[in-house]
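Chemist: With the input below, show me the fold.
(one chain, ligands or ions: 1)
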Amino acid sequence: MNILITGGAGFVGSNLCNNLIQDQHHIFILDNLHSGRKENLSHCEHLKNFNFIEHDIRNPLTIEEDIDQIYHLACPASPKFYQSDPIYTTETCVLGSLNVLNFALQKNAKVLFTSTSEVYGDPEVHPQPESYKGSVNPTGIRACYDEGKRCAESLFYDFHRMHGLDIKVARLFNTYGPLMRSDDGRVVSNFICQSISEIPLTIYGDGTQTRSFCHIDDLVIGLKKLMNSGSDILYPVNLGNPDEFSLLELVKEIEKISSKKLEVEFQLLPMDDPKIRKPDIQLAKIKLGWEPSIKLSDGLIDTYEYFFNQLNR
Ligand code: UDP
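Modeler: The predicted model follows:
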């Protein structure tokens, strides 16, 4: 199969590429390297079944070859990156999705959109099922991403309803693992890199807020299962690990991996930071036969090693 991954040089995209390329598919990676890194894919560059296309998804795309499947990931995804140029983020979500959808229509390709748990905002329902409509502040600093992704989801469903396009929508919860950027500002990468560099771990707020962390290897399996699921699975599907940790508990997990007592430094909580987050994954379990198998304490091991090698290069 010919498979296009938009945003394929990013953390999720490059892990997905590594997996799909082993299945002997021809992989087309499209990325403008805004937050993705070409070095994530340097080991693929010599392969016959690999093409890298540098392109900004805000502009219409053209590829001569037939494309069977599209994983549409392109978008800055960490709060630090998506808030650094919020207008760019909204344009990437909305114009980027429109361009991908028109391209999918032209190629008659099946297209999977990676939406986000951010569509639930600062949730009042816990854990969050797909049926929850969310609690997003439309004027806050996270709105560019949250509302951008919500608008993109609506475009996906409108293309399905108006043109019969074969679509899938995944809502990704916090994910971690090798090939994350050390400077992406997310909590797992920050805490591990701070621990390796022997500087205090920066906790925003009091550290009681919770997140549920999914290892990238589990997520990639979920994305592939959703992409290859039947046309009856039309609704959005949460993909995430339901094991919930407060940030103070995450510090303890990283202390175990690094085998040292870690100092912490409390800083201001950013605006609209969700207080709790945990996916309800009943749909993924029942309809896709998917659930994560990697516990945080295990998954942090290869992630720690990856950052250790990155920082000591
Ligand atoms: N956070 C933190 N210290 C950091 C980075 C993040 O305390 O160095 C907090 C952040 O405020 C949030 C949680 O960790 O409450 C998860 O943040 P992240 O940026 O990883 O992703 P989010 O789930 O907020 O999109």
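
Chemist: Can you read off the backbone torsions of the nearest residue in space to residue 310 that is not next to it in sequence?
Modeler: Distances taken as C-beta to C-beta, 6 or more residues apart in numbering place residue 182 nearest to residue 310, at 5.5 Å, with adjacent residues excluded. Every C-beta, even on glycine, is put in place using the N, C-alpha and C of the backbone. Backbone geometry at residue 182, expressed as degrees, to the nearest 10, gives phi -70, psi -20.

Chemist: Spit out the contact partners of residue 182.
Modeler: 189, 193, 307, 310, 311 (C-beta atoms under 8 Å, 6 or more residues apart in numbering).

Chemist: Which residues of the stretch 151-300 of the chain lie near the ligand?
Modeler: Counting by C-beta under 6 Å from any ligand atom, the residues of the stretch 151-300 of the chain close to the ligand are 174, 185-187, 190, 202-204, 209, 211, 247, 270, 273.

Chemist: residue ranges for the helices of the stretch 1-150 of the chain, please.
Modeler: 11-22, 79-84, 86-107, 143-163 (DSSP state H, counting those that start in this stretch).

Chemist: List the contacts of the residue of the stretch 1-150 of the chain found nearest the ligand.
Modeler: Taking C-beta to the nearest ligand atom as the measure, the stretch 1-150 of the chain has residue 79 as its residue closest to the ligand, at 4.6 Å. Contacts for residue 79 (C-beta under 8 Å, 6+ apart) come out as 142, 145, 185, 186, 270.

Chemist: I'd say the last one and residue 141 touch.
Modeler: Yes: shown here, residue 270 and residue 141 form a contact pair, counting by C-beta atoms under 8 Å, at 7.1 Å.

Chemist: How far off centre is the one helix or strand residue 305 maps to?
Modeler: Assigned by DSSP states H and E, residue 305 belongs to helix 296-311. When distances are taken as C-alpha atoms, centre = their mean, to the nearest Å, helix 296-311 is centred 18 Å away from the chain's centroid.

Chemist: what's the answer for stretch 286-301, then?
Modeler: 15 Å.

Chemist: Residues touching it, excluding its own?
Modeler: Stretch 286-301 has contacts (C-beta under 8 Å, 6+ apart) with 176-177, 188, 192, 213-215, 217-219, 221-222, 225-226, 229, 233, 237, 239-243, 245, 250, 253-254, 256-257, 281, 284-285.

Chemist: all strands for the stretch 151-300 of the chain, in order.
Modeler: Ranges of strands in the stretch 151-300 of the chain, per DSSP state E, counting those that start in this stretch, are 167-172, 175-176, 201-204, 210-212, 214-215, 237-239, 244-246, 264-267.

Chemist: mind checking pLDDT for residue 24?
Modeler: We have a pLDDT of 88 for residue 24.

Chemist: what's it in contact with, if anything?
Modeler: Residues in contact with residue 24, defined by C-beta under 8 Å, 6+ apart, are residue 49.

Chemist: same thing but 10 Å
Modeler: Neighbouring residues of residue 24 by C-beta atoms under 10 Å, 6 or more residues apart in numbering: 1, 49.

Chemist: Kindly report the same for residue 225.
Modeler: The neighbourhood of residue 225, defined by C-beta under 10 Å, 6+ apart, consists of 170, 233, 237, 239, 284, 287, 288, 289, 290.

Chemist: The closest residue in space to the fourth one that isn't next to it in sequence - how many residues pack around it?
Modeler: Computed as C-beta to C-beta, 6+ apart, the closest residue to residue 239 that is not its neighbour in sequence is residue 222, at 4.2 Å. By the other C-beta atoms under 10 Å criterion, the neighbourhood of residue 222 contains 22 residues.
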